[in-house]
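> Turn this into a structure:
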Amino acid sequence: MATMVGVFVSSMHVGAVRAIARRVPGAPREGARVFVLSTAKRPTGAARLMTGRRSGNTGGTRVRASKDDETAVKDVEKRRRAHPFDDETAPSTASTPADRDVADDEPVNLVEEFKRGMDFGNSMKERFTTARIDDRGLPIADALVCVTASVFVATMVLALGIPRPSWLVPAPWVPRWRSLPFLVPAVSHGTKLAACWIPGALAARAYESEAYDGSVEEAVSRTVKGGCFAIGILILITQFSITAQFAAKGMPPPQLGDSYETDLILNGAASELIADSFFEAVALIGWRIVRCKTDIPPDDPSNTRWYD
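Here you go, the predicted model:
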């Protein structure tokens with residue numbers, strides 16, 4: 001009896017499984033679909049899309065698959081923003097355009113670069129050692145212009161009652177007749193400015209004929225270049241002189257913010273530098289423009305003495 005009951009139950013179980021299997025491939029019913037989904041993992045993405053194609057329900061399944069894919073992508077982006085170091089994606093090995101340009105460049109030839117640097121240094125040295133001065137009287141004229149500008153500034157300061165610069169101190173050994181004691185420091189200061197300008201003019205090749213017999217633009221350009229060089233020399237001289245003055249008193253080199261007196265000295269020196277640069281630039285540029293537009297005969301090459 002027990003054997004017959006067992007065989008009957010087994011046959012019923014096998015029949016139920018076959019009936020469910022016959023219903024799944026065709027037009028699905030609600031019960032069969034629930035049975036399949038409850039016994040297997042829920043497919044996502046392409047798997048769900050393929051399942052929908054097999055089952056014939058292509059409309060709703062495709063929509064649900066696309067929505068699930070979008071949701072999954074959004075979840076991954078949120079997780080990456082929240083934990084940027086948890087991303088297990090392998091770093092990209094693609095090189096950027098800048099890296100490719102660097103990789104494509106040829107290796108630097110240090111010997112050639114050194115030779116180029118030496119050639120440039122020698123060319124700069126030749127501007128001072130073997131300078132070409134087509135007008136031998138032009139350096140003297142430039143020096144006289146610098147001295148004249150300094151004397152003009154001293155005259156205007158004394159006439160208008162403006163606070164005098166540090167270099168405009170009357171000479172004690174000169175007779176006190178009107179403003180004669182102030183002439184010596186004015187000429188001395190102008191000579192210092194001329195000594196700064198002449199090396200700048202040599203560096204800018206401002207004594208070649210192209211600098212004063214050519215166009216006005218070229219004359220102004222070379223004058224400005226020489227003036228920049230001269231201003232650099234003037235700044236160095238001012239720094240050394242201030243440092244020497246403080247060292248003579250047993251004090252360290254001054255810096256802004258050390259004290260109120262130090263700030264006054266440094267600000268005064270900076271103001272004088274700006275004033276000297278401005279007035280000398282106006283005087284020299286004006287003189288070079290006049291020299292460029294004036295028809296002055298060139299020097300005679302056969303004349304070796306400038307005073308003949």
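> How many residues are close by the closest residue to Asp213 other than its chain neighbours?
Excluding the flanking residues, the one nearest Asp213 by CB to CB, 6 or more residues apart in numbering is Cys292, at 7.1 Å. C-beta coordinates here come from the backbone N, C-alpha and C atoms, glycine included. Other residues near Cys292 come to 18 when the count uses other CB atoms under 10 Å.
> For Ser277, see how far away Cys292 is.
From Cys292 across to Ser277, the span is 22 Å (CB to CB, to the nearest Å).
> what packs against the host helix or strand of the residue nearest to Asp213?
Cys292 is part of helix 260-293 when elements are defined by DSSP states H and E. In terms of contacts (3 or more CB pairs under 8 Å, 6 or more residues apart in numbering; DSSP states H and E), helix 260-293 is packed against helix 138-160, helix 183-203, helix 216-248.
> 6 Å instead?
helix 138-160, helix 216-248 (3 or more CB pairs under 6 Å, 6 or more residues apart in numbering; DSSP states H and E).
> Buried deepest among the ones you listed, which one?
helix 138-160 (a mean of 17; mean count of other CB atoms under 10 Å).
> Dump that helix to CSV, keeping only the CA atoms.
Extracted as CSV, the C-alpha positions of helix 138-160 are listed here (Å, rounded to 0.1, in the frame of the first residue of the first chain):
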residue,chain,number,x,y,z
LEU,A,138,78.2,110.8,-30.1
PRO,A,139,79.3,109.3,-26.8
ILE,A,140,80.5,112.8,-25.7
ALA,A,141,77.3,114.4,-26.8
ASP,A,142,75.3,111.7,-24.9
ALA,A,143,77.3,112.4,-21.7
LEU,A,144,76.7,116.2,-22.0
VAL,A,145,73.0,115.5,-22.4
CYS,A,146,72.9,113.5,-19.2
VAL,A,147,74.8,116.2,-17.3
THR,A,148,72.5,118.9,-18.7
ALA,A,149,69.4,117.0,-17.6
SER,A,150,70.8,116.6,-14.1
VAL,A,151,71.6,120.4,-13.9
PHE,A,152,68.1,121.2,-15.2
VAL,A,153,66.5,119.1,-12.5
ALA,A,154,68.6,120.8,-9.8
THR,A,155,67.7,124.2,-11.1
MET,A,156,63.9,123.4,-11.1
VAL,A,157,64.1,122.0,-7.6
LEU,A,158,65.8,125.0,-6.3
ALA,A,159,63.6,127.5,-8.2
LEU,A,160,60.3,125.8,-7.1
